[in-house]
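Student: With the input below, show me the fold.
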Amino acid sequence: MKRPQNEMKLCFPSLSENERLARVAVGGFLAQKNPRVDELSEIKTAVSEAVTNCIVHAYRDTIGTVELTAKLSGDEVYIKIKDRGCGIEDVEKAMEPLYTTLPDEERSGLGFSVMESFTDRVTVKSKPGFGTAVVLIKKLRSKI
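Tutor: A predicted model of the protein is given here:
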């Protein structure tokens with residue numbers, strides 16, 4: 001009999017202090033799979049980058065809701081971070097290393113690059129004026 005997937009959903013305001021909440025929640029959820037330390041660190045860093053993008057870019061001058069969904073199915077981790085903020089005009093351009101819409105601030109433009117380097121797959125869907133959804137997928141090498 002195939003074991004059902006486990007899932008967690010969390011919604012929180014786009015406040016900078018909630019970036020830590022997202023990291024801790026995902027880390028706690030993934031603990032049931034007993035991931036390697038490096039795997040856990042990489043996933044938490046990718047989540048941190050995605051949530052920070054929501055806080056800094058999606059809801060630039062306002063507070064909105066960030067939705068985080070994490071699923072475990074076998075040895076695969078699926079994480080979706082979604083906002084209903086301003087959206088991204090050109091996703092392909094936004095995913096280029098060093099590209100930033102805030103060059104006058106201390107932004108490096110490496111968020112998507114970090115997400116891509118720490119996961120197996122990153123998918124970004126966005127509609128200007130309606131928000132963005134980032135999906136992170138990683139296969140765990142660890143075994144329970």
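Student: Return the list of helices and strands in contact with the longest helix along the chain.
Tutor: In the chain, with assignment by DSSP state H, the single longest helix is helix 37-53. With contacts taken as 3 or more C-beta pairs under 8 Å, 6 or more residues apart in numbering; DSSP states H and E, helix 37-53 sits against helix 18-30, strand 65-73, strand 76-83, helix 111-118, strand 131-139. From N, CA and C alone the C-beta is placed, and that goes for glycine too.
Student: Correct me if wrong: residue 126 contacts residue 90.
Tutor: No - Residue 126 is not in contact with residue 90 according to C-beta atoms under 8 Å; the separation is 9.2 Å.
Student: of those two, who's got more company?
Tutor: Legend: neighbour count by other C-beta atoms under 10 Å for residue 126 and residue 90, higher for residue 126 (20 against 11).
Student: SS state for that one?
Tutor: Classification of residue 126 by DSSP: H, G, I helix; E, B strand; the rest coil places it in strand.
Student: any weak-confidence spans in the protein?
Tutor: Scanning the chain for pLDDT under 70 picks out the ranges 1-4, 97-109, 142-144.
Student: sorry, back to before: export the helices and strands packed on helix 37-53 to JSON lines and tack on mean neighbour count and distance to residue 53?
Tutor: Output for these, formatted as JSON lines (neighbours: other C-beta atoms under 10 Å; distance: least, C-beta to C-beta, whole Å):
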{"stretch": "helix 18-30", "mean neighbour count": "18", "distance to residue 53": "10"}
{"stretch": "strand 65-73", "mean neighbour count": "19", "distance to residue 53": "10"}
{"stretch": "strand 76-83", "mean neighbour count": "21", "distance to residue 53": "8"}
{"stretch": "helix 111-118", "mean neighbour count": "19", "distance to residue 53": "5"}
{"stretch": "strand 131-139", "mean neighbour count": "20", "distance to residue 53": "7"}
